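Coordinates only, no sequence provided:
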């Protein structure tokens, strides 16, 4: 019995309060994304909005891709009253979560046919608040526990995130279907009900933030760096010198560190990060629109694409993690990119065949399994790049670049479908993955990246990317 208890002792970490907090915060982070992406696309298409317009409106999610612009402010700027009462991280979390609830409530009161710009405005509010919440949760996760618990925190966060994605996609579609007595007729009230329920579900994150305790972090390193910069600027007026010193430590230092560590390789690394997900992101904007145009019902989409698809993504993530552990990051990074590009061709076949539920199950299973493998490898790669001395800002930079270019290209997806049709659109999405394979090959040829700060980083918390 003693030996059995010792075997399962490592699993007890998942009952730690911090791990459970990250499970709930992961749920809060994962909920808004689909509500301004795939679920919103399905709503707009059912309302009769043109595919090209839906594609352009996906640019709302560019807020996630430019969050590095305000990440230094979130990282260092206190909020009056709230920061003093709740602490730096929890104050920003409460502000972001309240904004999210208000934005989703606003979307639940708006009709895209009667006032599309107002709906887009609320969607932008949701995307901005959600990206801000992600910045804070990343920092909270890194600061919340010592190095030995970081893997458990990351695992709990991912589980909460995926569960929320199921709720905000399959769950929202199911609520909309339940609230619509006649699926053949569009009723905006059905979607209003779905988004109102999602606004209420955000209360889980807000309650968790209020009940959690603020992470205790030694900020002496940042303070010393800022003091050194302030001393160099002592010839300037004191208020200006303090402002410039703060700006240097919050904004310039993290970016300078990245390029100093990787030199010329930095541009190749950033190019890979910017392009790695382009194939699946471009395809993803039109996914729900494609399913509806093929004649699949909201219930079928919810069951196959959102529930079963997310489960297959989790399976793929587990497989990808095991493969990375066995063979290393770069080979599985290449494998994942290859599989994601190849599985897009299954949707071209679906477009040729038309309505066929069996083929849809197979296509989505293969696509999500591939995406899970690719994501595991990509998370491992991003984690290896971050200097934990600047984890919050550098992670915001890398995760923003991961989606900036793909989201921009994806904005033209509806226009492309109108011009070349679904079959060639999915072929095009597949071919977008070929340059990614070339970039990975170049990085592999250059050999492993040597980090001159490795010795210093061994004394800091290790970062787990989302």
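Thanks, I have it. Everything numeric in this text was worked out from a predicted model, so none of it was measured.

Only C-alpha atoms from now on, for both contacts and neighbour counts.
Fine.

neighbouring contacts of the helix or strand hosting residue 94?
Counting by DSSP states H and E, the element that carries residue 94 is helix 88-107. Residues outside helix 88-107 that contact it (Cα atoms under 8 Å, 6 or more residues apart in numbering): 32, 74, 78-79, 82-83, 85, 119, 122-123, 125-126, 129-130, 132-133, 136-137, 139-140, 192, 195-196, 198-200, 202-203, 205-206, 209-210, 214-215.

And residue 168, how close does it get to residue 194?
Distance of residue 168 to residue 194, given as Cα to Cα, to the nearest Å: 9 Å.

swap that for residue 55, sorry
Distance from residue 55 to residue 194, by Cα to Cα: 22 Å.

Settle it for me: which of those two has more neighbours?
Set residue 55 next to residue 194 and count neighbours by other Cα atoms under 10 Å: residue 55 wins out with 26 against 22.

quick one, what contacts that one?
Contacts of residue 55 by Cα under 8 Å, 6+ apart are 285-286, 410-415.

One more: residue 37?
58, 61, 285.

which residues touch the last one?
Translated: residue 285. Contact analysis of residue 285 by Cα under 8 Å, 6+ apart lists 37-38, 41, 55, 58, 410-411, 413.

I'd like to know how far it sits from residue 352.
19 Å.

The residue located most distally from the centre of the chain and residue 214, how far apart?
Within the chain, the residue lying farthest from the chain centre (Cα atoms, centre = their mean) is residue 235, at 43.5 Å. As for residue 235, its distance to residue 214 is 37 Å (criterion: Cα to Cα).

and if you look at residue 108?
Residue 108 is 33 Å from residue 214, by Cα to Cα.

Between these two, which has more neighbouring residues?
residue 108 (23 against 17).

what about the residue lying closest to that one once chain neighbours are set aside, neighbour count?
Counting by Cα to Cα, 6 or more residues apart in numbering, residue 192 is the residue found nearest to residue 108 once chain neighbours are left out, at 4.2 Å. Residues within reach of residue 192, counting by other Cα under 10 Å, total 22.

go on, residue 181?
11.

gap between it and residue 194?
Residue 181 is 14 Å from residue 194, by Cα to Cα.

go on, residue 115?
Residue 115 is 18 Å from residue 194, by Cα to Cα.

ok, now residue 421?
Using Cα to Cα, we find residue 421 at a distance of 31 Å from residue 194.

Tell me which of the contacts of helix 88-107 fall in helices.
32, 74, 82-83, 85, 119, 122-123, 125-126, 129-130, 132-133, 136-137, 139-140, 192, 195-196, 198-200, 203, 205-206, 209-210 (DSSP state H).

Quick one: buried ones out of those residues?
Taking 16 or more other Cα atoms under 10 Å as the criterion, what is buried in the ones in helices among the contacts of helix 88-107 is 32, 74, 82, 119, 122-123, 125-126, 129-130, 132-133, 136-137, 139-140, 192, 195-196, 198-199, 203, 205-206, 209.

To which secondary structure element is the residue nearest to residue 337 when sequence neighbours are not counted assigned?
Spatial nearest neighbour of residue 337, chain neighbours left out: residue 374 (6.1 Å); criterion: Cα to Cα, 6+ apart. Residue 374 belongs to helix 357-385 when assigned by DSSP H and E.

So residue 236, which state does it fall into?
At residue 236 the chain is in coil, as set by DSSP: H, G, I helix; E, B strand; the rest coil.

confidence score at it?
Listed pLDDT for residue 236 reads 74.

Tell me the spacing between it and residue 126.
41 Å.

Dump the contacts of residue 37 into a markdown table; add pLDDT and secondary structure as well.
Below are the contacts of residue 37 laid out as a markdown table (pLDDT from 0 to 100; DSSP: H, G, I helix; E, B strand; the rest coil):
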| residue | pLDDT | secondary structure |
| --- | --- | --- |
| 58 | 82 | helix |
| 61 | 84 | helix |
| 285 | 80 | helix |
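
Let me have those residues in TSV, extended by distance to residue 433.
Converted to TSV, the contacts of residue 37 look like this (distance: Cα to Cα, whole Å):
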residue	distance to residue 433
58	20
61	21
285	16
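
Tell me the one of these nearest residue 267?
Distance ranking of the contacts of residue 37 against residue 267, using Cα to Cα, places residue 61 first at 24.4 Å.

any idea how far the closest one lies from residue 121?
Taking Cα to Cα, one finds residue 61 at 12 Å from residue 121.

Looking at those two, which has the bigger crowd around it?
Neighbour comparison, residue 61 and residue 121: the larger count goes to residue 61, with 24 against 15 (by other Cα under 10 Å).

check contacts around the more buried one.
33, 36-37, 124, 127, 407.

looking at those residues, which has the most residues close by?
Counting neighbours by other Cα under 10 Å, residue 407 leads those with 27 neighbours.

Which pLDDT value belongs to residue 137?
pLDDT, residue 137: 90.

And the residue nearest to it when sequence neighbours are not counted, which helix or strand is it part of?
Using Cα to Cα, 6+ apart and skipping the chain neighbours, the partner closest in space to residue 137 is residue 25 (7.0 Å). For residue 25, the enclosing helix or strand under DSSP H and E is helix 17-35.

helices or strands next to that helix in the packing?
helix 116-143, helix 150-166, helix 203-211 (3 or more Cα pairs under 8 Å, 6 or more residues apart in numbering; DSSP states H and E).

Now the weakest link among those helices, please, by mean pLDDT.
Among the helices and strands packed on helix 17-35, helix 150-166 carries the lowest mean pLDDT, a mean of 73.

Point me to the helix or strand that includes residue 395.
Short version, using DSSP H and E: residue 395 is in helix 391-410.

And the next helix or strand past that helix?
helix 413-431.

what does the next helix or strand after that following helix rub up against?
Using DSSP H and E, the helix or strand that directly follows helix 413-431 along the chain is helix 434-446. Helix 434-446 is contacted from outside by 268-269, 271-272, 275-276, 330, 333-334, 337-338, 341, using Cα under 8 Å, 6+ apart.

Could you export those residues as CSV, including secondary structure?
Compiled in CSV, these are given as follows (three-state DSSP):
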residue, secondary structure
268, helix
269, helix
271, helix
272, helix
275, helix
276, coil
330, helix
333, helix
334, helix
337, helix
338, helix
341, helix
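
Name the nearest of these relative to residue 360.
residue 341 (17.0 Å).

residues touching the residue lying closest to that closest one once chain neighbours are set aside, list them.
Leaving aside its sequence neighbours, residue 341 sits nearest to residue 430 (Cα to Cα, 6+ apart; 4.4 Å). Residue 430 sits next to 279, 340-345 when contact means Cα under 8 Å, 6+ apart.

Can I have the buried ones of those as a PyMOL selection?
Remark: buried members of these, expressed as a PyMOL selection using 16+ other Cα under 10 Å:
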select buried, resi 279+340+341+342+343+344+345
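
I appreciate the help and will end here.
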